[in-house]
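**Q** Sequence and predicted model, in that order:
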Protein chains: 4
Amino acid sequence: MFRYHQPVSFKHCDPAGIVFYPRYFEMINDCIETFFSAVAEWSFVEIHKDGAVPTAEIRTRFVKPSRLGDHLVLSLAVTHTGRTSLGLTIDCACGEETRFETEQTLVNIDAAGKPTPWPDEVKEKLQQFKERLDP
Amino acid sequence: MFRYHQPVSFKHCDPAGIVFYPRYFEMINDCIETFFSAVAEWSFVEIHKDGAVPTAEIRTRFVKPSRLGDHLVLSLAVTHTGRTSLGLTIDCACGEETRFETEQTLVNIDAAGKPTPWPDEVKEKLQQFKERLDP
Amino acid sequence: MFRYHQPVSFKHCDPAGIVFYPRYFEMINDCIETFFSAVAEWSFVEIHKDGAVPTAEIRTRFVKPSRLGDHLVLSLAVTHTGRTSLGLTIDCACGEETRFETEQTLVNIDAAGKPTPWPDEVKEKLQQFKERLDP
Amino acid sequence: MFRYHQPVSFKHCDPAGIVFYPRYFEMINDCIETFFSAVAEWSFVEIHKDGAVPTAEIRTRFVKPSRLGDHLVLSLAVTHTGRTSLGLTIDCACGEETRFETEQTLVNIDAAGKPTPWPDEVKEKLQQFKERLDP
């Protein structure tokens, strides 16, 4: 698992005192950005020189609310490495308690917005990461 | 259908020049906030005095990117009115082109965070709205 | 005065139930974006094709907090039209009550990030707007 | 100096590829939130139980743009400890290059929104921090 640590700060919280859920998607984006840099060794700086990795679909179940001061851990797993797509799940917990679970599909696109194959070395690293989790 | 108009402004867009998808969830939240006020006649000011209507689950398919200056229309339909929950869909288009489609479940909770039945007059208005669309 | 209407929505508010002040700067940006389009007839879509109008300095005094459901009006005045810069003030009120006051300097830059003179017709419209207020 | 590290991530950046300045105010807020917890030993969780520390005034000069992947360091200094107010400056740099400089006044308020004296032990820690920098 790739783990991303995210303390809940004031900016994340709404008048009900809990994380405003669009902010969770910023956390998810930060987690994926860090994952690409650390695991795929392909930083968002590199990626966005002539392409992007937009989200094609995302499904999220919010299990329990998170509050100011909570320490969240997002655990990312790769579920599918397609030719131009990537399937992943992120489970977010505070201690033992699940806060949200997400399934997401990303697509690698070129500068014109067309799906394009993952670079070989990126594909390989994503594949290796998947296999280490799921031998 | 309940329609919510949303021009794409600079603040929504990312370095790829397209809407950063967490911003779509802010638009979705604004759409639902306006819907509750206009259709259910129950404003977020009233709701948050001693409760909330958090999102329990959301599934979104991003079909085409949106760009600065686009005029988006979010069309909200009610698919299910439960005792304490509400199912809805939002389709977002720019002209004839779909940008994203979402299915979402909200839950009405009390000040302690427990699911609680919709107020009768709110339930009735949500039900009537659903039936007008789907006779 | 150029007036920009901004209802306070749930997304703007923090756990203290008032507008989180970084959100005010998003409102200020939206106000200026609309002003450029409506008054200078130079949209942010056009501007960002080969340049930008970043903020060089901003000073804001927060007078009273704003709450969910408040209807804010931002009133923009031009105080200075330089060769490459623009000075403006924005006063934000809810009814008769001032919420914040801001003084801001923008700079017109080219694609390389260098200050560059305003296009003549833009400068003229900014100047005319200033003179109508301050004859 | 109190130093707060902030990498520039994708969510901070605008279509011009640089940090959208309202995002800087989120960084400033995160920096101050961390400062209160680490230096004043008074966390935002504690503070917001029956009060808040809103910003009364802020003045920011944006010197150079920041880009995706930059590693920013915000350096906070206390300039004034009043009975109910706090003056501070934050300088933000990437390596040797200044990105922005801010001067800010915070006010300690109670649950009713009235300015209220800093708790003695908080005042003392803020004062000690100021004196260590400026003997």
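**A** Alright, I've got the coordinates.
**Q** which SS class is A:Phe36?
**A** helix (DSSP: H, G, I helix; E, B strand; the rest coil).
**Q** C-terminal to the helix or strand containing A:Leu106, which secondary structure element comes first?
**A** Assigned by DSSP states H and E, A:Leu106 belongs to strand A:97-107. Downstream of strand A:97-107, the first helix or strand assigned by DSSP H and E is strand A:109-110.
**Q** which residues sit in contact with the residue most central in space within chain A?
**A** Centroid check for chain A by CA atoms, centre = their mean gives A:Ile32 as the closest residue, at 3.4 Å. Shown in contact with A:Ile32 (CB atoms under 8 Å, 6 or more residues apart in numbering or on different chains): A:Val53, A:Leu76, A:Leu88, A:Gln104, A:Leu106. To be clear about C-beta, it is placed using only N, CA and C from the backbone, and glycine gets the same treatment.
**Q** could I get those as CSV with distance to chain C, pLDDT and neighbour count?
**A** Output for these, formatted as CSV (distance: CB to the nearest CB, whole Å; pLDDT from 0 to 100; neighbours: other CB atoms under 10 Å in any protein chain shown):
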residue, distance to chain C, pLDDT, neighbour count
A:Val53, 23, 96, 22
A:Leu76, 26, 98, 23
A:Leu88, 27, 97, 23
A:Gln104, 22, 98, 21
A:Leu106, 25, 98, 20
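**Q** follow-up on the earlier one: buried ones in the strand holding A:Leu106?
**A** Within strand A:97-107, the residues scored as buried using 16 or more other CB atoms under 10 Å in any protein chain shown are A:Arg99, A:Phe100, A:Glu101, A:Thr102, A:Gln104, A:Thr105, A:Leu106, A:Val107.
**Q** thinking the last one is in contact with A:His80, fair?
**A** No: A:Val107 sits out of contact with A:His80 when judged by CB atoms under 8 Å, with a separation of 11.9 Å.
**Q** overlap in contacts of these two?
**A** Common neighbours of A:Val107 and A:His80 (CB under 8 Å, 6+ apart) are A:Leu86.
**Q** what ranges do the strands span in chain A?
**A** Assigned by DSSP state E, the strands in chain A fall at A:2-7, A:51-52, A:55-62, A:71-81, A:85-94, A:97-107, A:109-110.
**Q** possible to save those strands as CSV with distance to B:Tyr4?
**A** Output for the strands of chain A, formatted as CSV (distance: least, CB to CB, whole Å):
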stretch, distance to B:Tyr4
strand A:2-7, 30
strand A:51-52, 27
strand A:55-62, 21
strand A:71-81, 30
strand A:85-94, 28
strand A:97-107, 25
strand A:109-110, 28
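**Q** Other residues contacting the strand holding A:Leu106?
**A** Everything outside strand A:97-107 that qualifies as a contact, by CB under 8 Å, 6+ apart, is A:24, A:28, A:32, A:53-66, A:72, A:79-80, A:84-93, A:115.
**Q** just the buried members of those?
**A** A:24, A:28, A:32, A:53-60, A:62, A:65-66, A:72, A:84-88, A:90-93.
**Q** close to chain D, is stretch A:35-44?
**A** Yes: shown here: stretch A:35-44 in contact with chain D (CB under 8 Å from any CB of the partner chain) through A:Ser43, A:Phe44.
**Q** A:Phe129: what's it in contact with?
**A** A:Phe2, A:Val39, A:Ala40, A:Val78.
**Q** Okay, the nearest residue to A:Pro119 once chain neighbours are set aside and chain D: tell me how far apart.
**A** Once flanking residues are discounted, A:Pro119 sits nearest to A:Trp42: 7.1 Å by CB to CB, 6 or more residues apart in numbering or on different chains. Distance of A:Trp42 to chain D, computed by CB to the nearest CB, to the nearest Å: 13 Å.
**Q** residues contacting A:Trp42?
**A** A:Phe36, A:Pro119, A:Val122.
**Q** again, 10 Å this time
**A** A:Phe36, A:Val53, A:Asn108, A:Trp118, A:Pro119, A:Glu121, A:Val122, A:Lys125, A:Leu126 (CB atoms under 10 Å, 6 or more residues apart in numbering or on different chains).
**Q** Switch those over to CSV; also include distance to C:Gly17.
**A** Formatted as CSV, those follow (distance: CB to CB, whole Å):
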residue, distance to C:Gly17
A:Phe36, 37
A:Val53, 37
A:Asn108, 43
A:Trp118, 46
A:Pro119, 48
A:Glu121, 50
A:Val122, 45
A:Lys125, 46
A:Leu126, 44
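**Q** Now the two most distant members of those.
**A** A:Val53 and A:Glu121 (15.3 Å; CB to CB).
**Q** picking that back up, quick one, which of the strands of chain A is nearest to C:Asp14?
**A** strand A:2-7 (16.3 Å).
**Q** is chain D contacted by the closest one?
**A** Yes: contact between strand A:2-7 and chain D, assessed by CB under 10 Å from any CB of the partner chain, occurs at A:Pro7.
**Q** give me every residue that touches the residue lying closest to A:Tyr21 once chain neighbours are set aside.
**A** Nearest non-adjacent residue to A:Tyr21, counting by CB to CB, 6+ apart: B:Thr55, 5.4 Å away. Residues near B:Thr55 by CB under 10 Å, 6+ apart: A:21-22, A:24, A:60-62, B:25, B:28-29, B:32, B:104-107.
**Q** what's across from B:Thr55 in the sheet?
**A** Here B:Thr55 sits in beta bridges with B:Leu106, going by DSSP bridges.
**Q** For chain A, list the residue farthest from the centre, please.
**A** A:Pro15 (26.4 Å).
**Q** give me phi/psi at it?
**A** Dihedral pair for A:Pro15: phi -60, psi -20, per degrees, to the nearest 10.
**Q** again with the one 5 residues further on
**A** Here is the backbone geometry of A:Phe20 (degrees, to the nearest 10): phi -70, psi 120.
**Q** Can you read off the pLDDT for the nearest residue to it once chain neighbours are set aside?
**A** Nearest residue to A:Phe20 in three dimensions, chain neighbours excluded: A:Asp14, at 4.0 Å (CB to CB, 6+ apart). Per-residue pLDDT puts A:Asp14 at 95.
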